[in-house]
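Trainee: next comes the sequence, and after it the predicted model I'd like to discuss.
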Amino acid sequence: MSTPENFSSGRLQIALGLQDVVVDESKICFIDGVAPKLLYYGYNIHDLAENCSYEEIVYLLLNGKLPNKAELAKISTDLVAARGLPAEVFETIKHAPKSSIPMDVLRTCVSQLALSDPKPNDDTPEGRYRKSIRLTALFPEIVAADYRNRRGEAPNKPNPKLGHASNFLFLLHGKEPGPSAAKTMDVALVLHAEHSFNASTFTARVIAATLSDMYSAVTGAIGALKGPLHGGANEGVIKTLVEIGDVSKVEPWLNEKFKEKGFRLMGFGHRVYKTLDPRAVVLKKYSEKSGKEHGVTKWFDMSVKIEAMMKTREKPLYPNVDFYSASTYYTMGLPPEIFTPIFAVSRVAGWCAHVMEQQSHNRLIRPDCAYIGVMDAPFIPLDKR
Ligand code: CMC
């Protein structure tokens, strides 16, 4: 029983933030935060990032194995076939106030997708797989249509000749991306696709564990991803870089900030990684490359300087996935307000994989709390209060 006595006596322990609490088994993702190492279904993220398309990763996450050529062709065709936003979702985007937050528009539209699905509650393995493909296919369209709508531009129709990453850039800009931009986006999508029981994935699993549907689980996950301590950090990173403004100002700016009580530098620190996030290693390379290609190296240079300073603090902190993705996207000409939606465009596949895994051996997720409120309060009738 969660009475104060049971906690003060040590019979029960509070795990604030669920740190180090193991709630289930999973085959999807392994993280060693010290080595450091990140595996999707056993495969090292560095091998996957350099050698696989996002479509291969979607197949891997939804099926537990890398696809052969025929399987890859099939899932690629399925993803293309599932494209095409329902008209009412375009209407929602069109009528969203210009002041609305892109993650709020994405969350609303994803929830709305359930209404155009003839079987939103189909919880057969085939039904869950179909919904995973549909959601994965439609995220880029929602994000791109909202991006264009804010600029007064009509949405672009998906290009069936283009793969997931290239098509996303095509939807945003209305022209086919060059090979370098396409590769950078593909790598970013691969790197963000999955990360074990992080906050948004756990949210999806909690919802799935009530035997609610895939749309509800993914909608809830978007809400969790939005927060600045999670996926929202990438937008915070670029705000910081812009505020600092120049590599020469990094040192005085940071020194001043660290005098502020409770200051948090976005893109640094992690619950699991106690050293450099392996995804940041790859993104650092792409940030440098993108900066050179676009003739704007200052964001990368500032980032490197910040990383070096953070390492030498009394309590060192290291970049997480959000740190170098920010300068990578920014130099590609993407605005900060869609950085977190891009994260969601990728992570949807991981969320869907976890919903399927949760429901394959389900038990309701229902933790407890240490009650610290009043006990047995004498009831006072309304007219006496
Ligand atoms: N800037 C300054 N200090 C920090 C930071 C940071 N970014 N991160 C951790 N610390 C300090 C924190 O103040 C605390 O210090 P002390 O022990 O002296 O009180 C200590 O490190 C431990 O921090 P914590 O908040 O207890 O650690 P946590 O595991 O609860 O939080 C985190 C992890 C990611 C929320 C945190 O590191 C953070 O706020 N980072 C900035 C936001 C961010 O980049 N989020 C993206 C996370 S990775 C990608 C994703 O999931 O989306």
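Mentor: Perfect, I can see it now.
Trainee: pull out the buried residues from the lengthiest helix in the chain.
Mentor: Of all the elements of type helix in the chain, the one with the most residues (DSSP state H) is helix 125-150. By neighbour count, and taking 16 or more other C-beta atoms under 10 Å as the criterion, the buried residues in helix 125-150 are 127-150. (C-beta placed from N, C-alpha, C; glycine too.)
Trainee: repeat for stretch 63-78
Mentor: Burial within stretch 63-78, assessed by neighbour count using 16+ other C-beta under 10 Å, is assigned to Leu66, Pro67, Leu72, Ile75, Ser76, Asp78.
Trainee: contacting residues for Leu115?
Mentor: Under the criterion of C-beta atoms under 8 Å, 6 or more residues apart in numbering, the contact list for Leu115 reads Glu88.
Trainee: distance of it from the ligand?
Mentor: Between Leu115 and the ligand the computed distance is 29 Å (C-beta to the nearest ligand atom, to the nearest Å).
Trainee: likewise Ile14?
Mentor: The value you get for Ile14 to the ligand, if C-beta to the nearest ligand atom is used, is 14 Å.
Trainee: quick check: closest non-adjacent residue to that residue.
Mentor: Counting by C-beta to C-beta, 6 or more residues apart in numbering, the nearest residue to Ile14 once its immediate chain neighbours are dropped is Ala370, at 5.4 Å.
Trainee: wasn't that neighbour part of a strand?
Mentor: No. Checked against DSSP: H, G, I helix; E, B strand; the rest coil, Ala370 lies outside a strand; its state is coil.
Trainee: got a pLDDT number for it?
Mentor: At Ala370, the model reports a pLDDT of 91.
Trainee: rewinding a little: among the buried residues of stretch 63-78, which are located in strands?
Mentor: When DSSP state E defines the strands, the subset of the buried residues of stretch 63-78 inside them is empty.
Trainee: this protein: strands as residue ranges?
Mentor: Secondary structure of the chain (DSSP E): strands at 29-32, 37-40, 43-44.
Trainee: my read: Cys109 touches Ala144, true?
Mentor: No. Using C-beta atoms under 8 Å as the test, Cys109 is too far from Ala144 to be in contact (11.7 Å).
Trainee: what is in contact with those two at once?
Mentor: By the contact definition C-beta under 8 Å, 6+ apart, Cys109 and Ala144 are jointly contacted by no residue.
Trainee: not counting sequence-adjacent ones, nearest residue to the residue of the chain found nearest the ligand?
Mentor: Of all residues in the chain, Gly269 sits closest to the ligand, with a separation of 2.3 Å (C-beta to the nearest ligand atom). Take Gly269 and drop its neighbours on the chain: the residue closest to it by C-beta to C-beta, 6+ apart is Leu317, 5.0 Å away.
Trainee: rewinding a little: quick one: which of the strands of the chain is nearest Ser290?
Mentor: Taking C-beta to C-beta as the criterion, Ser290 comes closest to strand 37-40 out of these, the separation being 22.0 Å.
Trainee: quick one: pLDDT of Glu5?
Mentor: 73.
Trainee: what sits against Asn159?
Mentor: With contact taken as C-beta under 8 Å, 6+ apart, Asn159 is in contact with Ser166, Asn167, Phe170, Glu176.
Trainee: enumerate the residues of the protein near the ligand.
Mentor: Counting by C-beta under 6 Å from any ligand atom, the positions of the chain adjacent to the ligand are 17, 198, 229-231, 233, 264-271, 317, 320-322.
Trainee: which of those are buried?
Mentor: Buried, going by 16+ other C-beta under 10 Å: 198, 230-231, 233, 265-270, 317, 320-322, out of these.
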